[in-house]
Structures are given as C-alpha cells and as structure tokens.
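Enquirer: I would like to see how this sequence folds:
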Amino acid sequence: MTGESILERLPELRRIEALIQRDHNEFLTTEILCHVPYRDESLPVYALTLGNKDQCLPSITYVGGIHGLERIGTLVVLAFLESMLERLHWDLTFTDILQRVRINVLPLINPVGMLNHTRANGNGIDLMRNAPVDSDERTVWLGGGHRISPLLPWYRGNIDEPMQLEARTLCDYVKREVIPSPFSLVLDCHSGFGYHNQIWFPYAKSRIEPIKHLGEVYYLRQLFMQTYPYQNYRFEPQSQHYLTHGDLWDYLYLQTLDHSNIFLPLTLEMGSWRWIRKNPLQMRNSLGFFHPIKPHRINRVLRGHLVLMEFLLHATLSYRQWLIASHTRDMARQALELWYPDAQP
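Expert: Numbering: from 1, shown residues only. Predicted coordinates:
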C-alpha cells in the first residue's frame, strides 16, 4: 500500500462524507447500513434520506456503485443529490415536495470494489449475480452468472453461502424502507457496453414472462417520452439484451407480487462505447471501459441524466395522477405488442 489514506484513494466516499457534514440536518438524515471489511479497516455503506419518512407516502430510491468499476453511476447519483441539497436553500417548491415524498440515496453499495477497481466486491463476487433467483431460460455462458470461480468475472458465489454483505444490506434496506410505500420507484445507475443510454426493468431472468406491472411501466415510459420528446433513452426489459441469474432487482420485485403496493425497480445503463469512441486511449485503463475519463465528458454525463432523475421524482410524487390510466387493458396490450411480440397468442 502507498501512504495514501482510504479517503484519498476513494474520492467518492470522501465526497459522500463531505455532504453529510454540511448543515442540512433539518432535511437530510444519514444511516450507516453496514461496514464492509477491507484489510485491517472497514468501509461504510451509507443511506441518505430527504423528505417525509411516513411510509404511507410514495418513495423513490437512487442507487449507485454496485459494480466497483462503474464509478460514473455513483457520480451521477451524487450530482443529483448535491443539486437537491442546493435547492433547499432557495426553492420553496422543492421543500414543499419533500413534505409529500421520501427520497432515498444509496450512492456507493460496493466501496471495496470501487477502491480495488473491480466489478466484483472484495470476495470476487458480482453483486448483481448474487441473489437467490435463477433464470428460467438459458443464459449466456459466464456473463449470465456462474459458480465456477471468483477468478472469473460474473461469479455468483457458492450455492451454499448466503448473499454477500453488500447485496444483503441493499435488499434489507429496500424491504424495510422502500417496499412498504404504496408506490415506490428505484433507479439503479450503471454503465456498460453500447452506444445508447438504456432504462431497463425486470425481468432479467426471462425473455417470455412479463412482469405483473407491465402496463404501469409502459405508461411511465409513455409519460417520459411525451414530456421529454427529445431525449434519447431506450426504455425496455433487460431481457431483450441478455438473461442473468441472481439479479437483485428480480429478487426484490418477486418479493412484492402478493402486495397491493407497487414497487418498480429501474436500471439506468449508460452507454460507455460513446466515451471510448471519442477517446480510444482510455481503453488502456480498465476503468476506461466503464467511465468517461476526460473531465468535460464526465460533466456532460452528469448533466445529461438530471432530467431523467427529476422526472422519476415527480412521477413518484404524482403517481395517483397517472396510475389509474396505466391499469387499462389497452396499456397492457400495447406493452405486450412492443416488448413481447413472440408471447402474443
């Protein structure tokens, strides 16, 4: 090890703790969900909350840093949190919003992976392949999750072992603080191969089985596209790209099927090929495959997703205004025609 401290080597964690130290006590609450062991020390996993904690109100949760190499996901979440905290000083409409909704921010789930510049956690386990749920259909070899060895990427962990601490901590928090809300959205921020920014929803385990709330997701997509017609996101099931075992959001969504509450987990996949195309030299660094290296490109990415994150906040706050329209047979039919044409009778 060098003489650098962990906070010097992990500026994302330093940035989180600097935000916590600011004078926002009236609005912002902070909880350390767990400490992840790292050599002779440990790293905290934080949850930060703005708004009304009444579980009868809707909630939205922004998540980042599940994969340690995808630092940009944590930065996008922190940029939005910083924007919200600044608005507390002058925006009366925003402080009014906070009386009617709860905003949870979990910006760095896998601090050891980020410190080590690895996708997996400190035990070599891919947290997004670690949940106790299996794909119903054939997955791509290795990439869909495997139990061969932690020396290979996308390792799920041993079948006889419980979920990893970080994955278990995230799931426990969502079950305790998110799912009890009458309506809740999650946006989990990642980066990955591709030229397009994509918004995915479950399932990751099946190409032919739609989720129970397909009409709601389709109508939410329709609202987004109508409200912001010049955006360039692709909004679709994850299964249209690849299937996986052990997806955390599949696992959590399956816990809610018998509930009257609605829980809609979304994943933002930022297309990293655009950054590589503009700066091919960043491929010399493993981080460069998943993170825009040049500062002006980082800033562009941070600006670019604020509209999506703001829209999802307002859609959560106003869910009663649009949810009834999403329950029609026509919404479900259009969703099936768009995303599951092969499943049609």
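Enquirer: C-alpha from now on. contacts and neighbour counts both.
Expert: Will do.
Enquirer: ok, which stretches of the chain are strands?
Expert: Residue ranges of the strands in the chain, as given by DSSP state E, are 28-38, 41-51, 59-64, 102-106, 183-192, 198-201, 234-237, 262-271.
Enquirer: Low-confidence ranges, the stretch 151-300 of the chain, go.
Expert: Scanning the stretch 151-300 of the chain for pLDDT under 70 picks out 273, 275, 281-284, 286, 288.
Enquirer: still on that earlier bit, and the strands of the chain, which is most packed in?
Expert: strand 59-64 (a mean of 26; mean count of other Cα atoms under 10 Å).
Enquirer: partners of it, with directions?
Expert: Strand pairing for strand 59-64, using DSSP bridges, gives strand 102-106 (parallel), strand 183-192 (parallel).
Enquirer: which residues are in contact with it?
Expert: Where contact means Cα atoms under 8 Å, 6 or more residues apart in numbering, the residues beyond strand 59-64 that reach it are 73-77, 101-109, 178, 181, 183-190, 312-313, 316-317.
Enquirer: swap the cut-off to 6 Å and go again
Expert: Strand 59-64 is contacted by residues 73-74, 101-108, 184-189 when judged by Cα atoms under 6 Å, 6 or more residues apart in numbering.
Enquirer: Quick one: closest of the strands of the chain to Glu216.
Expert: strand 262-271 (8.7 Å; Cα to Cα).
Enquirer: how big is the angle separating the closest one from strand 183-192?
Expert: Computed by axes from the mean of the first three to the mean of the last three Cα atoms, to 10 degrees, the angle separating strand 262-271 from strand 183-192 equals 20 degrees.
Enquirer: Strand 262-271 pairs with which strands?
Expert: The pairing partners recorded for strand 262-271 under DSSP bridges are strand 183-192 (parallel), strand 198-201 (antiparallel).
Enquirer: how far out from the middle of the chain is the first one?
Expert: Average the C-alpha atoms of strand 183-192, do the same for its chain, and the two points are 3 Å apart (Cα atoms, centre = their mean, to the nearest Å).
Enquirer: i'd like the first residue to be 595 from this point on
Expert: Okay, using 595 as the starting number, the last item reads as strand 777-786.
Enquirer: For Tyr913, which non-adjacent residue is spatially closest?
Expert: Leaving out its chain neighbours, the residue that sits closest to Tyr913 by Cα to Cα, 6 or more residues apart in numbering is Phe777, at 7.3 Å.
Enquirer: contacting residues for that neighbour?
Expert: Each residue near Phe777 by Cα under 6 Å, 6+ apart is listed here: Pro652, Asn855, Ile856.
Enquirer: could I get those as a markdown table with distance to Leu607?
Expert: Shown next, in a markdown table, are the contacts of Phe777 (distance: Cα to Cα, whole Å):
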| residue | distance to Leu607 |
| --- | --- |
| Pro652 | 28 |
| Asn855 | 33 |
| Ile856 | 32 |
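Enquirer: Need the contact partners of the lengthiest helix in the chain.
Expert: Looking across the chain with DSSP state H, the single longest helix is helix 665-681. Helix 665-681 has contacts (Cα under 6 Å, 6+ apart) with Gly658, Gly659, Pro701, Cys783, His784, His885, Leu896.
Enquirer: Could you do stretch 799-809 as well?
Expert: Stretch 799-809 is contacted from outside by Ser729, Asp730, Ser833, Leu837, Thr838, Ser920, Met925, Ala926, using Cα under 6 Å, 6+ apart.
Enquirer: Can you lay out those residues as a markdown table showing neighbour count and distance to Arg681?
Expert: As requested, the contacts of stretch 799-809 are exported to a markdown table (neighbours: other Cα atoms under 10 Å; distance: Cα to Cα, whole Å):
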| residue | neighbour count | distance to Arg681 |
| --- | --- | --- |
| Ser729 | 19 | 43 |
| Asp730 | 15 | 45 |
| Ser833 | 20 | 37 |
| Leu837 | 23 | 40 |
| Thr838 | 29 | 39 |
| Ser920 | 19 | 32 |
| Met925 | 19 | 36 |
| Ala926 | 20 | 38 |
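Enquirer: If we only consider those residues, which is nearest to Phe795?
Expert: For the contacts of stretch 799-809, the nearest to Phe795 is Ser833 (8.6 Å; Cα to Cα).
Enquirer: so that closest one touches Ala798, yeah?
Expert: Yes - counting by Cα atoms under 6 Å, Ser833 does reach Ala798; the two are 5.0 Å apart.
Enquirer: tell me the contacts of the most centrally placed residue in the chain?
Expert: Nearest to the geometric centre of the chain sits Asp782, at 0.6 Å (Cα atoms, centre = their mean). The contact partners of Asp782, by Cα under 6 Å, 6+ apart, come to Tyr656, Val657, Gly658, Thr861, Leu862.
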